[in-house]
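Asker: Generate coordinates for the sequence data below:
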Amino acid sequence: MNFYQVSSRLIVYTDDNQYRYRPQKKIQSLKDKTQNFRVHTTYGATQQWLYGINAPEKFQWAMNASVGDTWLPYHIRKTWGGGSLRLMSVSKIYALLDNVSPETLRRLADLLNIGYVIHGAPLAEVLTSQTPNNVNFTQRKTALPRAFFVSDFQIKDNWVSALTLMISETFDPVHQAVIVSKQKEMVSLSEKKQNVNQVIHIQDNWNQTDLRVETPESGLLVFNDPWFPGWHVWVDGKEHPLYLVNAIFRGVFVQPGSQHIRFVYQPEGLYDAIFVSIIFFMLFLFFWALLKKTV
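Answerer: Model (predicted):
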């Protein structure tokens, strides 16, 4: 059952100054740190409980707790809400965070690149409390970085099998990766006790991410941003196959001496759609000019 409030006047729930509120300085300082790690909040999907509440302090708490899209202006990489990709495959993985054992949760959080966690009092307590509620920040130093190299990999033909392997005790996510593919033959990598390849810098742009790397040896780059049809990758200006790695992320094989990797999102059929649009626009101009002459 849905309830609606209908009125002939504008209903004001909070002062306009509330929208100028800025979160704690500690939160704003996360912007630079989260280039390599994600932030996960235990209050991610709780914004519906704030609708209709005329309590500015609750909205300030929501900003500090990263509820919904409140952090969108700060471009902080999150697991939920603004700054995240709401893909079905990604949502399935994140949904497991509330339904697994503590040990599996730790391994999954590492794999999902969660470097910071926001938590605090239960939501019911926050909503009924008459005093300000604080939020806690916990740094997770075991989280895998956003981009890194591995020298060993296994192949699974579906993401469920890949995830099962990833959260098992035998899987070493620092040195191993799982490629989801029907293809059985891949580039062979020489096994190394310690991977010497490094990611030096990551630069995000519109529909594009550039990585500067140092690769004395061949390796598989694991890029912990979601895979989706339309993403392509270039290594030193040459397009390479892009693989679905670790169930939901991207990966590309690189050879010794590679220096620049670029991920670009180009939706399938984009250029065909642009071409057809141009043709129709030219036809429109032609018939419009023809009609103008006849009149």
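Asker: P256 - how many residues pack around it?
Answerer: Neighbour count for P256, taken as other Cβ atoms under 10 Å: 10. C-betas here are computed from N, CA, C, even on glycine.
Asker: same check, this time on the one 10 residues further on
Answerer: Per other Cβ under 10 Å, the neighbour tally for Q266 reads 12.
Asker: Could you tell me which residues make contact with it?
Answerer: When contacts are counted by Cβ atoms under 8 Å, 6 or more residues apart in numbering, Q266 touches 207, 230, 232.
Asker: looking at it, the second one is touching F263, isn't it?
Answerer: To tie it back to what came earlier, the one meant is G230. No - between G230 and F263 there is no contact under Cβ atoms under 8 Å: 10.9 Å.
Asker: ok, those two, which is more surrounded?
Answerer: Using other Cβ under 10 Å as the criterion, G230 and F263 rank with F263 on top: 20 against 13.
Asker: Give me the nearest residue to the more buried one, chain neighbours excluded.
Answerer: The spatial neighbour of F263 that comes closest, neighbours along the chain excluded (Cβ to Cβ, 6 or more residues apart in numbering), is T209 at 4.6 Å.
Asker: any idea how far A62 is from that neighbour?
Answerer: Distance check for T209 against A62: by Cβ to Cβ, to the nearest Å, it reads 30 Å.
Asker: Quick check: K182 touching D157?
Answerer: Yes - assessed by Cβ under 8 Å, K182 is found in contact with D157 at 5.5 Å.
Asker: which one of these two has more residues nearby?
Answerer: Neighbours around K182 and D157, counted as other Cβ under 10 Å, are more numerous at D157. The numbers are 13 against 7.
Asker: how about the closest residue to E214 other than its chain neighbours, phi and psi?
Answerer: Leaving aside its sequence neighbours, E214 sits nearest to Q198 (Cβ to Cβ, 6+ apart; 4.8 Å). Phi and psi for Q198, reported as degrees, to the nearest 10, are phi -140, psi 150.
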